[in-house]
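Q: pasting the sequence and the predicted coordinates here, then a few questions.
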Amino acid sequence: MQDLFYIKDVSRCVGKEVELRGWVYHRRRKGAVSFLVIRDGTGSGYIQCVFVRGELSDEQFEITDRVPLESSVLVRGVVREDRRAPGGYEILGSQIELIQEACDYPITPKEHGVSFLLDRRHLWIRSKRQRAILTVRNELLKAIRDFYDQHDFVLVDTPILTATFAESEVELFETEYFDLGKVFLTQTGQLYLEAAIFAFNKVYNLGPTFRAEKSKTRRHLTEFWMNEAEMAFYDNEMNMDLQEEFVEYIVQRTLERCRGELELLGREIAPVENVRRPFYRIEYSRAIEILREKNFDIEWGDELGGDEETAISMSFDKPVFIMNYPRGIKAFYMKLNPEDPRTVLNADLLAPEGYGEIIGGSQREDDYDCLIERISEFGLPVQPYRWYLDLRRYGSVPHSGYGIGIERTVAWICGIKHVREAIPFPRTIRRIRP
RNA sequence: UCCGGUGUAGCUCAAUGGUAGAGCGGGUGGCUGUUAACCACUAGGUUGGGGGUUCGAGUCCCUCCACCGGAGCCA
């Protein structure tokens, strides 16, 4: 097969005749010279093609002057360096073929509202900013997989259709499952990862999860991606140590590979560079004190809402763990704190700059009887958890794990305020298309 | 579900209760180095739907709808 030319390789092709295949991003004409900026989706992805009347047929020159934006074209020409060209390289075009003429592309180089753009998300992802964000997402996911590979974790894919549910109050999407009644789209693969540590010791998953909550905030999607990890013989401290190493790695690796994208997005780089161990660790009780000092009307035992999380995360210049929440507001599977049984051995990690919770983690209850008690404390039926309880009967060990929200992490790294731009095709309460 | 906000040209937005406009985009023409090019001309509207007040409603009132933001809940 013949090698295709890609814009990302342009610096290696100076002086060569190339065949560029891509889409018209921008068009200008100055008299007998017309300029087409073509993108092909590779690298930074844009190159200026220059066409001079007389150097190609009138018919072809006409195409360069008329071709609508986002039409697909093939351009033949010689690559050269030129200071006047954006990016420093351009193609002096000798031939152009219109592959398909785009008709009335709806997204123009001017401003559009978010609603308009989300209705055209299938086209919007071609834009510079959206490509930058999705590139960061891609590099972040690669960094996540590499981290686990380097730390002897095994990828265990957890099911999306499930019959059990881990946290009672969360609303789930339901569907009828043949003769077996109602099943749910998963909200977490954690219980399955807990089973898998007995086979592989350290495991992780990476995939979509679903919440039917009617949330309408910048932090929520109904379908979002989560990475969860579960480690045998880890206590809550070791769990936090690992999360620090993990977050530092994925953030710094992504920064290293996506500095250009972050600059394009206008992201301030210093706070991202500052994401280095150690992070801060405070008790839930201390968090309540801090909030009361800031005049929040909050009592020990209350949930931390969005505003509270923002206030705490703004108080620290690095991510901060909030440890040992009251047992009543966290999930049944979390191990009670032996030093203060009013609380559990957990930690939520809040990203700085007001981004709020990106990780929730805990040590799990590993004692059979305690777990049964906790299930009933939450008013949950024991039957669906029979297999999960088995794990406490056949070689139970102390273990811990966590889950990180991919879109929230992407939004934080990119410095964008809404998670819906951090996923290619967002699903929200009001949006299922495109 | 609750609270707040917004619906005017393809898009982004103006318009004291008194003739519905601009910029961009589209179309036509001009320009031999443009950088969101520029210049000239041009087409484009049941002001979200319905009802009401008024001599007169984009503007005020009622109602419905759609969307946005936030709360609750959560990653």
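A: Noted; the coordinates are in hand.
Q: now for residue A:236: which residues touch it?
A: Residues near residue A:236 by CB atoms under 8 Å, 6 or more residues apart in numbering: A:323, A:335, A:345-347, A:361-363, A:400. Any C-beta I mention is one placed from the backbone N, CA and C, and that applies to glycine too.
Q: apply 10 Å and report the result again.
A: By CB atoms under 10 Å, 6 or more residues apart in numbering, the contact list for residue A:236 reads A:321, A:323-324, A:334-335, A:337, A:344-347, A:361-364, A:398, A:400.
Q: before we move on, what about residue A:211?
A: Residue A:211 is in contact with A:170-173, A:185, A:187-188, A:220-224, counting by CB under 10 Å, 6+ apart.
Q: all strands for the stretch 251-400 of chain A, in order.
A: Secondary structure of the stretch 251-400 of chain A (DSSP state E, counting those that start in this stretch): strands at A:280-283, A:320-323, A:346-351, A:356-363, A:399-405.
Q: and the ones you listed as TSV, adding mean neighbour count, mean pLDDT and distance to residue A:297?
A: Listed next are the strands of the stretch 251-400 of chain A as TSV, based on neighbours: other CB atoms under 10 Å; pLDDT from 0 to 100; distance: least, CB to CB, whole Å:
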stretch	mean neighbour count	mean pLDDT	distance to residue A:297
strand A:280-283	17	94	20
strand A:320-323	23	94	19
strand A:346-351	26	94	20
strand A:356-363	24	92	19
strand A:399-405	25	96	28
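Q: can you list the residues of the stretch 151-300 of chain A near RNA strand B?
A: A:167, A:169-170, A:188, A:211, A:213-222, A:224, A:226 (CB under 7 Å from any atom of the strand).
Q: how about stretch A:318-329 as CSV, C-alpha atoms only?
A: Output of stretch A:318-329 as CSV, limited to C-alpha atoms (Å, rounded to 0.1, in the frame of the first residue of the first chain):
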residue,chain,number,x,y,z
LYS,A,318,-2.8,20.9,45.6
PRO,A,319,-5.3,18.0,45.7
VAL,A,320,-6.6,17.3,49.2
PHE,A,321,-7.9,14.0,50.7
ILE,A,322,-10.8,14.3,53.0
MET,A,323,-10.7,11.2,55.2
ASN,A,324,-13.0,9.3,57.6
TYR,A,325,-16.5,10.5,56.8
PRO,A,326,-19.4,9.7,59.1
ARG,A,327,-20.6,6.1,58.5
GLY,A,328,-24.2,7.2,57.7
ILE,A,329,-23.4,9.1,54.6
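Q: so which strand or helix has residue A:198?
A: Assessed by DSSP states H and E, residue A:198 sits inside helix A:190-200.
Q: and that helix, what does it pack onto?
A: When contacts are defined as 3 or more CB pairs under 10 Å, 6 or more residues apart in numbering; DSSP states H and E, helix A:190-200 packs onto strand A:154-155, strand A:202-210, strand A:223-232, strand A:356-363, helix A:386-390, strand A:399-405.
Q: go with 6 Å
A: Applying 3 or more CB pairs under 6 Å, 6 or more residues apart in numbering; DSSP states H and E, one finds that helix A:190-200 makes contact with strand A:202-210, strand A:223-232.
Q: how about those in CSV, adding mean neighbour count, mean pLDDT and distance to residue A:303?
A: Compiled in CSV, the helices and strands packed on helix A:190-200 are given as follows (neighbours: other CB under 10 Å; pLDDT from 0 to 100; distance: least, CB to CB, whole Å):
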stretch, mean neighbour count, mean pLDDT, distance to residue A:303
strand A:202-210, 21, 95, 20
strand A:223-232, 23, 95, 20
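Q: before we move on, back to that, now for the contacts of residue A:236: which two are most distant?
A: Spatial extent of these (CB to CB) is set by the pair A:321 and A:398 at 19.0 Å.
Q: wait, is residue A:51 part of a strand?
A: Yes: under DSSP: H, G, I helix; E, B strand; the rest coil, residue A:51 falls within a strand.
Q: now stretch A:118-133, how far from the centre of its chain.
A: Between the centre of stretch A:118-133 and the centre of its chain there are 15 Å (CA atoms, centre = their mean, to the nearest Å).
Q: is RNA strand B within reach of that stretch?
A: Yes: Stretch A:118-133 lies within reach of RNA strand B by CB under 7 Å from any atom of the strand, at residue A:118.
Q: buried sites along the lengthiest strand in chain A?
A: Using DSSP state E to define each element, chain A has its longest strand at strand A:17-30. Using 16 or more other CB atoms under 10 Å as the test for burial, strand A:17-30 gives A:18, A:20, A:22-25, A:27.
Q: now those as CSV including pLDDT?
A: Formatted as CSV, the buried residues of strand A:17-30 follow (pLDDT from 0 to 100):
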residue, pLDDT
A:18, 94
A:20, 94
A:22, 94
A:23, 94
A:24, 93
A:25, 91
A:27, 90
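Q: burial count for residue A:432?
A: Residue A:432: 11 surrounding residues under other CB atoms under 10 Å.
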